[in-house]
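Q: Structure for the following, please:
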Amino acid sequence: MVFFHKDEQLENLGNGILEATWEAFPTLARNQIALTWIVYDPPVLVNTGGALTPDAFWNHPVRGFTYRGVERIYPASVVKLFYLVAVNEWLEKGMISTSKELERAMRDMIVESSNDATSLIVDVLTGTTSGPELSTGPFETWRYQRNIVNRYFQSLGWPELETINVCQKTWCDGPYGRERAFVGELLENRNMLTTNATARLLHSIVGGVATSSARSQVMMALMKRNLLDLPTDVEEDQVTGFLGGSLPLDASIWSKAGWTSQVRHDAAYIELPSRPPYLLVVFTEGRVNAKNRDILPFVSKLVTEAIGNNNS
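A: Okay, here's the model as predicted:
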C-alpha cells in the first residue's frame, strides 16, 4: 500500500525511462536502481504554503510510478530530510528550544549537507552524544534514546515507514567508540530508507503538512537549489551530477542529495513552466555507478521530457 495510486500512463513512461537508462548505462544493474515518481495534476495541491488541512491533503489523490520503491537501501545524506522533519517537530512541540547554533546546524545539514551539523542535530534530537564505548547498562539506555527518531516516525502510522531505520549519524570517515558498537559488527543497524518512504516524507513537506504549514515552509526554503548560482568551491553541490543537473534554467527545484563511494541518490520536488510539478526520488547503488555523475541527470532529463508530453 502506498500513498499514491498507480497510473497506466505513468507506468508505461516510467518503464520506458528505466529501459533507456539501462541501455545508456550498462554498468547499472536492474537491482541497483530504485525510483518513485509522483505527478501533481491540476488543481496542484503542493507548494501552496499549506493551504490545505492535513486531512484534505492526504485525501487528495495523486498518481505515481515506482520501481523497487520498497527496497531498503543505505540512504547516505538523504536521511537528513528525516532529521530535518524531526527537529522541526521537536521545536513545534516544545521538546527542545531553538538557538543560533541549532538554526545554523539545520541550515548546514541541508544546504551544505554537513555531517558535523547533522551530528549536532542527532545529539539534540536524542539527548545523546558520541564518545567512548559504554558498559552494558548505560549503553542500553543510550541505544533506547538514540531510537527516539525511529519511534516518532513509526508513530505516524504510514505503511511506507514500517521498514526504515533512521538512528545513525552520517560520517566522513566512519563511526568510532559507542557509535561503532551501535551500528553493529556487520553494519546491520545502518540507516536504511526506501524511495517510497522518502517520497512520502518529501510529499508531506511540499504539501505543507510536515509538522505545520509554517515549519514546512522553513524546510522548503532550506531545500531550495539555485540553478543559476551554483557554488564552485565544493566537490558536490547537490545539483551537478544529481537530478537538478539536466533541468532547464527556468526550472525550480527543492532537493536533498546523498552520496558515498557506494551510492548516489537524490530526492527532489521540481516545477517547470507550463507543466505539472512532480516529485522524483532516485537511489542508485554500486561503486561504479556512485562515481558516475551522468546517471541521475539522464533519468531526470527523460522525466522532464515525459512531463512535457504528459500534460493530460
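Q: Let me see the ranges of the strands in the stretch 101-250 of the chain.
A: Using DSSP state E, counting those that start in this stretch, the strands found in the stretch 101-250 of the chain span residues 224-225.
Q: What segments of it are helices?
A: Applying DSSP state H, counting those that start in this stretch to the stretch 101-250 of the chain gives helices spanning 115-126, 136-146, 148-155, 178-183, 195-206, 213-223.
Q: Save these as CSV, and put in distance to residue 279 too.
A: Any C-beta I mention is one placed from the backbone N, CA and C, and that applies to glycine too. Converted to CSV, the helices of the stretch 101-250 of the chain look like this (distance: least, C-beta to C-beta, whole Å):
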stretch, distance to residue 279
helix 115-126, 23
helix 136-146, 30
helix 148-155, 19
helix 178-183, 30
helix 195-206, 6
helix 213-223, 12
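Q: And those helices: which comes nearest residue 46?
A: Nearest to residue 46 among the helices of the stretch 101-250 of the chain is helix 195-206 (4.3 Å), distances taken as C-beta to C-beta.
Q: sorry, back to before: tell me which of the helices of the stretch 101-250 of the chain is the most buried.
A: For these, the largest average neighbour count (mean count of other C-beta atoms under 10 Å) is found in helix 195-206, namely a mean of 26.
Q: returning to what we had before: I'd like the helices of the stretch 101-250 of the chain written out as a markdown table, with mean pLDDT added.
A: Shown next, in a markdown table, are the helices of the stretch 101-250 of the chain (pLDDT from 0 to 100):
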| stretch | mean pLDDT |
| --- | --- |
| helix 115-126 | 98 |
| helix 136-146 | 98 |
| helix 148-155 | 98 |
| helix 178-183 | 98 |
| helix 195-206 | 98 |
| helix 213-223 | 97 |
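Q: With adjacent residues omitted, what lies nearest to the residue sitting nearest the centre point of the chain?
A: Against the mean C-alpha coordinate of the chain, by C-alpha atoms, centre = their mean, the closest residue is residue 78 at 4.1 Å. Take residue 78 and drop its neighbours on the chain: the residue closest to it by C-beta to C-beta, 6 or more residues apart in numbering is residue 258, 4.0 Å away.
Q: my read is the one you found is in a strand, agree?
A: Yes - with DSSP: H, G, I helix; E, B strand; the rest coil as the criterion, residue 258 is located in a strand.
Q: So for residue 30, which of the helices of the stretch 101-250 of the chain sits nearest?
A: Closest approach to residue 30 among these (C-beta to C-beta): helix 195-206, 14.8 Å.
Q: Do you know the pLDDT at the residue nearest to the centre of the chain?
A: At residue 78, the model reports a pLDDT of 98.
Q: now residue 304
A: 96.
Q: which residues sit in contact with it?
A: Contacts for residue 304 (C-beta atoms under 8 Å, 6 or more residues apart in numbering) come out as 246, 247, 248, 251, 270, 272.
Q: What is the nearest of those to residue 191?
A: Nearest to residue 191 out of these is residue 270 (C-beta to C-beta; 24.9 Å).
Q: Let's see the pLDDT reported for residue 50.
A: On pLDDT, residue 50 comes in at 83.
Q: quick revisit: would you mind telling me which of the helices of the stretch 101-250 of the chain is nearest residue 293?
A: The nearest among the helices of the stretch 101-250 of the chain, by C-beta to C-beta, is helix 195-206 at 19.7 Å.
Q: and the angle for that closest one with helix 213-223?
A: Angle, helix 195-206 to helix 213-223, by axes from the mean of the first three to the mean of the last three C-alpha atoms, to 10 degrees: 110 degrees.
Q: Does anything pack onto helix 195-206? Which helices or strands?
A: strand 33-39, strand 63-67, helix 80-92, helix 213-223, strand 263-271, strand 278-285 (3 or more C-beta pairs under 8 Å, 6 or more residues apart in numbering; DSSP states H and E).
Q: For residue 139, find the nearest of the ones you listed.
A: Proximity to residue 139 (C-beta to C-beta) singles out helix 80-92 among the helices and strands packed on helix 195-206, at 22.1 Å.
Q: Please point out which parts of that closest one sit buried.
A: 80, 81, 82, 83, 84, 85, 86, 87, 88, 89, 90, 91 (16 or more other C-beta atoms under 10 Å).
Q: mind putting those in a markdown table, distance to residue 262 included?
A: Below are the buried residues of helix 80-92 laid out as a markdown table (distance: C-beta to C-beta, whole Å):
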| residue | distance to residue 262 |
| --- | --- |
| 80 | 18 |
| 81 | 20 |
| 82 | 20 |
| 83 | 21 |
| 84 | 23 |
| 85 | 25 |
| 86 | 25 |
| 87 | 27 |
| 88 | 30 |
| 89 | 30 |
| 90 | 31 |
| 91 | 33 |
